[in-house]
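Enquirer: The following comprises the amino acid sequence and a computationally predicted model.
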2 protein chains.
Amino acid sequence: MGLVVVKVGGSEGINYEAVAKDAAALWKSGQKLIIVHGGSSETNKIAEVLGHPAQFLTHPGGMTSRLTDRRTLEIFEMIYCGLVNKRIVELFQREGVNAVGLSGLDGRIFEGKRKDAVKYVENGKIKIHRGDFTGSVEKVNVALLQTLLDSGYLPVLTPPAVSYQGDAINTDGDTAAAMLATAFGAEALLLLSNIPGLLANFPDEASLIPEIPAARLNHPQYMAVAQGRMKKKVLGAVEAVQGGVGRVVFGDARLEEPIRRALAGGGTVVH
Amino acid sequence: MGLVVVKVGGSEGINYEAVAKDAAALWKSGQKLIIVHGGSSETNKIAEVLGHPAQFLTHPGGMTSRLTDRRTLEIFEMIYCGLVNKRIVELFQREGVNAVGLSGLDGRIFEGKRKDAVKYVENGKIKIHRGDFTGSVEKVNVALLQTLLDSGYLPVLTPPAVSYQGDAINTDGDTAAAMLATAFGAEALLLLSNIPGLLANFPDEASLIPEIPAARLNHPQYMAVAQGRMKKKVLGAVEAVQGGVGRVVFGDARLEEPIRRALAGGGTVVH
C-alpha cells in the first residue's frame, strides 16, 4: 500500500476525533499516513481576544491571505503548533498510535521562499505590505518523514514553513500537503474540510461535483469548476495528479469515518 | 564527546537568542546537544489575558504546582509547544542548525503516570483537586531522540509529557531533563535560569554556592542547600549524578554564551 496524505482544514465544524479515530484504525491495518492540518478559525478567535485581530489582504489576482506580521505569526504558532497540533497528537496517543507532531520549521520539513513584501488592493489601489512572514513551500524533507514512518511514527504536520534564511513563514496548508503528496508519489491526497467536496453552486451542498478528470479540465463540462473561488483548489489538485499523486479527493471532515469515506470516493475525486 | 542536555527555564529575563547562538556554535563544532525548555512566565501572562489566570496549588509537603485543568493545559500547550518551542527552533534555523521541536506527547518522548487527583492545602486543610492533567516522567524515548541525533537534527523538547493512557500531562521540566540526561548517560546536564546558580541566601546573587559534591551532601557544610526551596533542585541533581550523569550545573541564561559558561563551571556545579 502506498502512502495517503490527509489534509484536515481548520474551519468550524471539523470533527478531529473522527479523523483521528479513522486514521488510527487505518494505520493499525497497515496503511501509512501523514496528516497535515490547519487552524484558521481558532487562530482568528484567539487573535481577537489577544487584541490583535486577524486581517486579510486581497491580492491583485483576487486571492486573499492572512496579513502575517510578527505578532500574528506568534499567535498563528500558538494555535497551529500548540493547540491544534498537540490536540491531534493526543487523540492519536489515546488511540494507541504513536504520532509525532511537527511544523514545517522542524527539520525544515516545509521549506520555501519568504515573501516579505505582499501586494494587495485597497480602495482600488495596489499597495505593498512589508515585513510579512509568508511564503510558499518549494521543498519537502522527505528523508526525515520517511525515517519517522519507517520507525513506526505517524507524522502530524502543520504550517508554518521555514524560509531559506530560517524565518518562520505562514504558508497555505493545502499547497504544502500537495507538495508533500507529490514528493512521496502518494497513492492519494485527501483534502478534508467542512463541506462535502467542491460545490458548483457554493454553499449548496446538493451541487457537489463528484469527479473531475484532470486530463479533461479544458472540456466545457469542467471549465466552470476551475473558476473563481475553486480555481486554486482545482488547479492544485490537477497539478498534484499530473505530478504523480494517485488521486485527490475533496471530502467532508464533519462526518464519522471521514478518511474511509473519501478513499471510497465520497466527495469530489480528481483523478 | 558525550551528550550535553541543556534545560532553559521559562522565567523572565531568559536570553533565548544567546542560548541558541551558543548552542549552535557548539553543535557546529561537533558537540551533541538536546535542549529542553520551559515557558511558565509567558503562560501566566497569556492565561491572564485569556481570562483563565494561572492558579497554583500548595501541596502538603510545601511544594507548589500549577493547577492544570483542561483549559489550562490548552493554554500551556499554546505557549510551550507553540510560541516558545517554535521561537527556539526558528532561532536555530537562522543559525543554520536543523532543529526539531517536539513535546513529550510526540513519539511518547516523555511518558509517565497521570495524577488526576492532586492533594493541596487550603486554610490549613488538606483538600483534593480532581481532573488535573499533571504527572511525572518515568520513561524517555531514547530511540527516537538517538535517531534524530544520528541523522543530524538537534532536538528541542518541551512539556507536556504523555500518560500511559495517552493524555497530555503537565510535568516538571527540570525533572524531565534529568530523566533524559540519565537515560542517555549524558556528559553534563545544564539547568539554566534567570539566576547565577543556587543561592545560599536567595535572592542575594553574592551567595552563590559554587559546588556541591554529590557524595558529601550529608556533610554539615552542604546540609543547608538541601533544604527549603532548593531541596527539590539539589536532590534532583544529586540523583542525576548518582544515575550516571557526568555533572549537573545550575547556570545563568541571561548572559551571552550561557552554555559555554556553565560547561566551564560558571554557576553551581554538582559533581
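Expert: Sure, I can see it.
Enquirer: any low-confidence regions in the stretch 101-250 of chain A?
Expert: A:228-229 (pLDDT under 70).
Enquirer: How is the residue of it found nearest chain B assigned, secondary-structure-wise?
Expert: For the stretch 101-250 of chain A and chain B, the shortest gap (C-beta to the nearest C-beta) falls at residue A:166, measuring 3.6 Å. In short, each C-beta sits where N, CA and C put it, glycine included. Three-state assignment for residue A:166 (DSSP: H, G, I helix; E, B strand; the rest coil): coil.
Enquirer: What's the local residue count around it?
Expert: When neighbours are counted by other C-beta atoms under 10 Å in any protein chain shown, residue A:166 registers 21.
Enquirer: Please verify my assumption that it contacts residue B:98.
Expert: No - at 9.8 Å, residue A:166 does not count as touching residue B:98 under the criterion of C-beta atoms under 8 Å.
Enquirer: just to revisit the earlier point, what's near enough to touch the residue of the stretch 101-250 of chain A closest to chain B?
Expert: With contact set as C-beta atoms under 8 Å, 6 or more residues apart in numbering or on different chains, residue A:166 has these partners: B:90, B:92, B:93, B:94, B:95, B:96.
Enquirer: Only whichever of those are buried, select them in ChimeraX.
Expert: Command for ChimeraX, covering only those of these found buried under the criterion 16 or more other C-beta atoms under 10 Å in any protein chain shown:
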select /B:90,92,93,94,95
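Enquirer: Next, format the contacts of residue A:166 as TSV and append pLDDT, secondary structure and distance to chain A.
Expert: Listed next are the contacts of residue A:166 as TSV, based on pLDDT from 0 to 100; DSSP: H, G, I helix; E, B strand; the rest coil; distance: C-beta to the nearest C-beta, whole Å:
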residue	pLDDT	secondary structure	distance to chain A
B:90	98	helix	5
B:92	98	helix	8
B:93	98	helix	4
B:94	98	helix	4
B:95	98	coil	7
B:96	98	coil	7
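Enquirer: near chain B, which residues of the stretch 1-150 of chain A show up?
Expert: A:46, A:49-51, A:74, A:77-83, A:85-87, A:89-90, A:92-96, A:98-103, A:105-108, A:143-144, A:147 (C-beta under 8 Å from any C-beta of the partner chain).
Enquirer: Which of those fall in helices?
Expert: Among those, the residues falling in helices (DSSP state H) are A:46, A:49, A:74, A:77, A:85-87, A:89-90, A:92-94, A:143-144, A:147.
Enquirer: all strands of the stretch 51-200 of chain A, in order?
Expert: A:56-58, A:64-66, A:99-103, A:110-114, A:117-122, A:125-130, A:135-140, A:154-158, A:161-163, A:168-169, A:188-193 (DSSP state E, counting those that start in this stretch).
Enquirer: State the pLDDT value of the residue in the stretch 1-150 of chain A positioned nearest to chain B.
Expert: Residue nearest to chain B within the stretch 1-150 of chain A: residue A:82 (2.5 Å; C-beta to the nearest C-beta). pLDDT, residue A:82: 98.
Enquirer: so it touches residue B:87, yeah?
Expert: No - with contact defined as C-beta under 8 Å, residue A:82 does not count as touching residue B:87 (11.5 Å).
Enquirer: Comparing those two, which residue is more hemmed in?
Expert: Using other C-beta under 10 Å as the criterion, residue A:82 and residue B:87 rank with residue A:82 on top: 30 against 22.
Enquirer: tell me the contacts of the closest residue to residue A:35 other than its chain neighbours?
Expert: Excluding the flanking residues, the one nearest residue A:35 by C-beta to C-beta, 6 or more residues apart in numbering or on different chains is residue A:156, at 4.6 Å. Residue A:156 makes contacts with A:35, A:37, A:85, A:88, A:89, A:92, A:99, A:100, A:101, A:102, as judged by C-beta under 8 Å, 6+ apart.
Enquirer: sorry, back to before: going through the residues of the stretch 1-150 of chain A next to chain B, which ones are buried?
Expert: Buried members of these, counted by 16+ other C-beta under 10 Å: A:46, A:74, A:77-83, A:85-87, A:89-90, A:92-95, A:98-103, A:105-108, A:144, A:147.
Enquirer: Residue A:240: neighbour count?
Expert: Neighbour count of residue A:240, defined by other C-beta under 10 Å: 28.
Enquirer: With the one 10 residues further on instead?
Expert: Neighbouring residues of residue A:250 were enumerated by other C-beta under 10 Å; the total is 29.
Enquirer: Could you do residue A:152 as well?
Expert: For residue A:152, the tally of surrounding residues (other C-beta under 10 Å) stands at 11.
Enquirer: List the beta-bridge partners for residue A:193.
Expert: residue A:252 (DSSP bridges).
Enquirer: right, and it touches residue A:15 too?
Expert: No - with contact taken as C-beta under 8 Å, residue A:193 and residue A:15 are classed as non-touching, separated by 11.4 Å.
Enquirer: Now list whatever residues contact both of those two.
Expert: residue A:253.
Enquirer: Can you pick out the residue with more neighbours from the two?
Expert: residue A:193 (23 against 18).
Enquirer: Quick check: that one vs residue A:6, distance?
Expert: Note on residue A:193: its distance to residue A:6, by C-beta to C-beta, to the nearest Å, is 12 Å.
Enquirer: contacting residues around residue A:237?
Expert: By C-beta under 8 Å, 6+ apart, the neighbours of residue A:237 are A:178, A:189, A:191, A:212, A:214, A:248, A:250, A:270.
Enquirer: er, residue A:9 I mean
Expert: A:37, A:38, A:40, A:173, A:191, A:192, A:193, A:194, A:253.
Enquirer: repeat that for 10 Å
Expert: A:36-41, A:173-174, A:191-195, A:253 (C-beta atoms under 10 Å, 6 or more residues apart in numbering or on different chains).
Enquirer: which parts of the stretch 151-271 of chain A sit against chain B?
Expert: A:151-156, A:158, A:160, A:162-168 (C-beta under 10 Å from any C-beta of the partner chain).
Enquirer: Residue A:57: which of those is nearest?
Expert: residue A:160 (17.1 Å; C-beta to C-beta).
Enquirer: For the closest one, list the residues it contacts.
Expert: A:68, A:73, A:76-77, A:80-81, A:103-105, A:110, A:133-135, A:167-171, A:176, B:86, B:90.
Enquirer: switch the cut-off to 8 Å
Expert: By C-beta under 8 Å, 6+ apart, the contact list for residue A:160 reads A:73, A:76-77, A:80-81, A:103-105, A:110, A:133, A:168-171, B:86.
Enquirer: how much space between it and residue B:63?
Expert: Applying C-beta to C-beta, the value for residue A:160 to residue B:63 is 37 Å.
Enquirer: who's the residue lying closest to residue A:121 once chain neighbours are set aside bridged to?
Expert: Of all residues not flanking residue A:121 in the chain, residue A:58 sits nearest, at 5.1 Å (C-beta to C-beta, 6+ apart). Per DSSP bridges, the residues bridged to residue A:58 are residue A:64.
Enquirer: Residue A:58 - how many residues pack around it?
Expert: Applying other C-beta under 10 Å, I find that residue A:58 has 12 neighbouring residues.
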